[in-house]
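Enquirer: coords please:
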Amino acid sequence: MRSLWPVVGLAGLMILAGCGSGNTTASSGSKTTGTAGPPTLQSISISPSTAAIAQGTSQAFLATGHYSDGSTKDLTTTAQWSCLLNSIASVSNSPPTQGWATALIPTSSNIAYPVTALITATFGGISESAQLNISSATIASLTVSPATATLGYLNQQQYKATATFSDGTTQDVTSQPGVSWSVSSVSASPAPFYTSGSGLVIGNSLGTFNVSASFLSASSYSQSPQPTLTVDLSNLESVALVAANLADPTAPTIANNTQVQFSAVGTFNDGSTRDVTSLATGWSSDSAAVTNFGAQANVFSAASSQLPATANITATVGAFSPSTPLTVSGATLQSIALSPANITVAATTRVAFTAVGIFSDGSKQDLVSPQVRWSVQNGSGVAGLDGKGLLTGESAGSVTVTATSASTLGSIAGSTGATVSAATMQSVAVSPATAFMVPGSSLAYSALATFSDGSTQDVTTSAIWKSGSGSVATAASNIATGLGLGQSSITAKVNGITGTADLIVALPSQIKLAVTPATASVASGATTAFSATGTFFDGSTQDFTPLVNWSSSMPTVATVDYQSGVVSGLGSGSSTITATLGTVTAAGQVTAQ
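Expert: Purely as a prediction, here's the structure:
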């Protein structure tokens with residue numbers, strides 16, 4: 001054994017020298033000076049300058065550029081990171097983990113621990129290094145905290161995973177590459193949404209759940225007792241029933257022999273309003289004039305021999321049983337308007353039609369089956385049409401699409417022309433082409449096809465959507481949801497042609513938020529909208545309005561839809577409207593009058 005020491009010592013020196021000694025121009029004193037021209041890079045600093053981790057774990061480094069005018073700039077994502085002896089440590093140059101160094105588990109026994117690797121950042125010909133001290137300690141146990149937590153519906157809980165090593169040291173490995181999180185239900189309820197790479201749990205299911213993590217050879221399953229999370233409705237303040245597709249959703253009126261769909265909207269103690277229809281039970285009507293329609297408990301159908309008629313619609317959400325009156329009028333259907341009108345659709349692609357009924361009192365309602373039946377008359381072209389108004393082009397030429405009301409509505413017909421194009425699909429573009437999000441958030445994509453005649457068509461509903469990395473993001477239809485940290489492609493495939501977009505899932509700390517407008521006013525009973533802009537660590541920006549959680553500091557003054565940022569004025573006063581993205585927040589001020 002003694003004869004190996006010189007070899008081991010030499011290996012250690014190679015690690016220290018070869019893992020990024022580089023050309024440390026910033027340290028050599030060769031700085032440029034002068035006042036003319038744009039500022040020039042003088043040096044680079046790395047934070048932390050020294051770090052200690054165990055084999056198999058990772059450390060994030062940040063690079064900051066210092067310029068001749070005294071300014072600084074974050075170079076973490078633009079610098080080239082290196083560590084030459086890749087058998088000891090590696091460092092990432094891929095978003096969003098640029099600057100993350102990982103101490104590799106050795107495959108050779110001739111390395112004397114502890115060892116020091118130099119992690120180097122280079123930009124503009126200037127380099128600087130930080131020391132990464134690596135121990136031979138192995139992971140002994142993994143602990144998840146908090147041990148118990150109670151979470152309001154749709155709120156978030158950030159868990160932490162702490163690894164204890166054989167030398168007694170501990171390390172936060174919550175978002176380390178390789179950590180895996182899981183949530184299992186103690187009861188029969190489905191598990192709330194969780195993200196595989198960050199320990200963030202979103203309470204979209206009620207019940208009690210076990211939360212666990214695994215990393216390297218350790219798992220928190222051995223932790224006793226198992227960490228538990230309870231998701232309840234303790235943050236729910238009130239519930240209202242609304243018919244959002246009608247002109248006055250809070251005092252709905254429908255024509256006889258038509259239908260209406262209700263939603264349950266909850267107001268929470270943070271001033272946000274959220275759709276809680278999925279939690280509502282016991283939908284009912286107190287009048288025989290209005291009854292539940294089929295399997296959809298929140299859809300009601302009106303059929304009364306005496307008009308006008310009134311029914312009270314009731315549902316239960318947790319401890320709340322809200323009720324709203326529904327009026328059935330004697331208005332008669334006069335005509336049906338189809339949308340879109342005179343559309344052009346390419347062969348093998350689809351377009352969805354809607355039928356809007358116009359009644360004798362001037363009101364309008366969307367008509368759906370069985371209130372209307374759909375038909376297509378093929379002319380010089382051929383198309384298929386299903387029972388919900390979804391048209392599929394088959395061969396080039398003109399067709400006529402018709403919606404005819406049920407006999408109880410007078411068998412009124414409305415039609416529009418449609419053209420099936422002979423053009424062939426050339427390409428598919430996915431939008432947004434590049435995007436970033438945090439774990440747990442969701443983003444809607446769209447797909448636009450370009451054809452041989454130069455025309456374009458939205459093919460979002462026709463496309464087959466996929467995520468390139470299931471551990472980073474999922475794609476359910478055109479909705480991508482961030483899971484773990486990293487980079488993924490989002491693809492849309494139509495008729496064998498694929499469009500691709502780039503998606504980065506990053507930690508909330510890597511994103512800055514700004515809310516606009518900074519101040520706004522809204523009248524009581526009216527609405528105004530706030531928006532949130534996210535700036536990624538590389539300087540790119542994106543609309544984060546639907547990705548953040550919105551809240552209002554004064555719910556009696558104003559409430560805010562927790563996904564859209566739309567504020568509703570309730571009373572006089574001022575309220576702070578806050579956008580939250582994990583641990584990052586930004587706010588604006590609204591005055592209600």
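
Enquirer: Poorly predicted segments of the stretch 101-250 of the chain, please.
Expert: Filtered on pLDDT under 70, the stretch 101-250 of the chain yields the residue ranges 188.

Enquirer: ranges for the strands of it?
Expert: Assigned by DSSP state E, counting those that start in this stretch, the strands in the stretch 101-250 of the chain fall at 115-123, 126-135, 139-145, 148-152, 156-158, 160-165, 170-172, 180-185, 193-194, 200-202, 207-215, 218-219, 228-232, 236-242.

Enquirer: how about CSV for the ones you listed, with mean neighbour count and distance to residue 468 added?
Expert: Where you see a C-beta, it was placed from the backbone N, CA and C, and this is true even at glycine. As requested, the strands of the stretch 101-250 of the chain are arranged in CSV below (neighbours: other C-beta atoms under 10 Å; distance: least, C-beta to C-beta, whole Å):
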stretch, mean neighbour count, distance to residue 468
strand 115-123, 23, 28
strand 126-135, 23, 30
strand 139-145, 18, 29
strand 148-152, 16, 31
strand 156-158, 17, 26
strand 160-165, 20, 26
strand 170-172, 14, 29
strand 180-185, 16, 19
strand 193-194, 21, 21
strand 200-202, 24, 22
strand 207-215, 21, 24
strand 218-219, 18, 28
strand 228-232, 19, 31
strand 236-242, 19, 38
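
Enquirer: Please convert the ones you listed to CSV, extending it with distance to residue 367.
Expert: Output for these, formatted as CSV (distance: least, C-beta to C-beta, whole Å):
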stretch, distance to residue 367
strand 115-123, 62
strand 126-135, 67
strand 139-145, 52
strand 148-152, 39
strand 156-158, 40
strand 160-165, 53
strand 170-172, 57
strand 180-185, 41
strand 193-194, 35
strand 200-202, 36
strand 207-215, 39
strand 218-219, 56
strand 228-232, 38
strand 236-242, 20
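
Enquirer: out of those, which comes closest to residue 576?
Expert: strand 236-242 (17.7 Å; C-beta to C-beta).

Enquirer: contacts for whichever helix or strand comes after the closest one?
Expert: Using DSSP states H and E, the helix or strand that follows strand 236-242 in sequence is strand 253-255. Here strand 253-255 makes contact (C-beta atoms under 8 Å, 6 or more residues apart in numbering) with 246, 260, 302, 326-333, 357, 359, 363, 365, 409.

Enquirer: buried sites along strand 253-255?
Expert: Buried residues in strand 253-255, counted by 16 or more other C-beta atoms under 10 Å: 253-255.

Enquirer: which outside residues touch the helix or strand following that strand?
Expert: Sequence-wise, the next helix or strand downstream of strand 253-255 (DSSP H and E) is strand 259-261. Outside strand 259-261, the residues within contact range by C-beta under 8 Å, 6+ apart are 243, 245-246, 252, 254, 293, 296, 298-302, 326, 368, 371.

Enquirer: do stretch 238-252 as well
Expert: Here stretch 238-252 has contacts from 253-254, 260-267, 276, 280, 313-315, 317-318, 320, 322-327, 363-366, using C-beta under 8 Å, 6+ apart.

Enquirer: So for stretch 85-103, what gets flagged as buried?
Expert: In stretch 85-103, counting by 16+ other C-beta under 10 Å, buried: 85, 88-92, 95-103.

Enquirer: if we can go back for a sec, please list only the buried members of the contacts of strand 259-261.
Expert: So, by 16+ other C-beta under 10 Å, the buried ones in the contacts of strand 259-261 are 243, 246, 252, 254, 293, 298, 300-302, 326, 368, 371.

Enquirer: and the least confident of those residues?
Expert: In terms of pLDDT, residue 246 ranks lowest among those, with 79.

Enquirer: ok, now how distant is it from residue 99?
Expert: Going from residue 246 to residue 99 by C-beta to C-beta, to the nearest Å gives 54 Å.

Enquirer: cool, and residue 385?
Expert: Distance, residue 385 to residue 99, by C-beta to C-beta: 55 Å.

Enquirer: before we move on, what about residue 296?
Expert: Residue 296 is 51 Å from residue 99, by C-beta to C-beta.

Enquirer: quick one on the thing from earlier: drop anything exposed from the contacts of stretch 238-252.
Expert: Buried, going by 16+ other C-beta under 10 Å: 253-254, 260-267, 276, 280, 313-315, 317-318, 320, 322, 324, 326-327, 363, 365-366, out of these.

Enquirer: Show me what the residue nearest the centre of the chain bridges to in the sheet.
Expert: The geometric centre of the chain, computed from its C-alpha atoms, lies nearest to residue 442 (C-alpha atoms, centre = their mean), at 1.7 Å. Beta-bridge partners recorded for residue 442 (DSSP bridges): residue 481.
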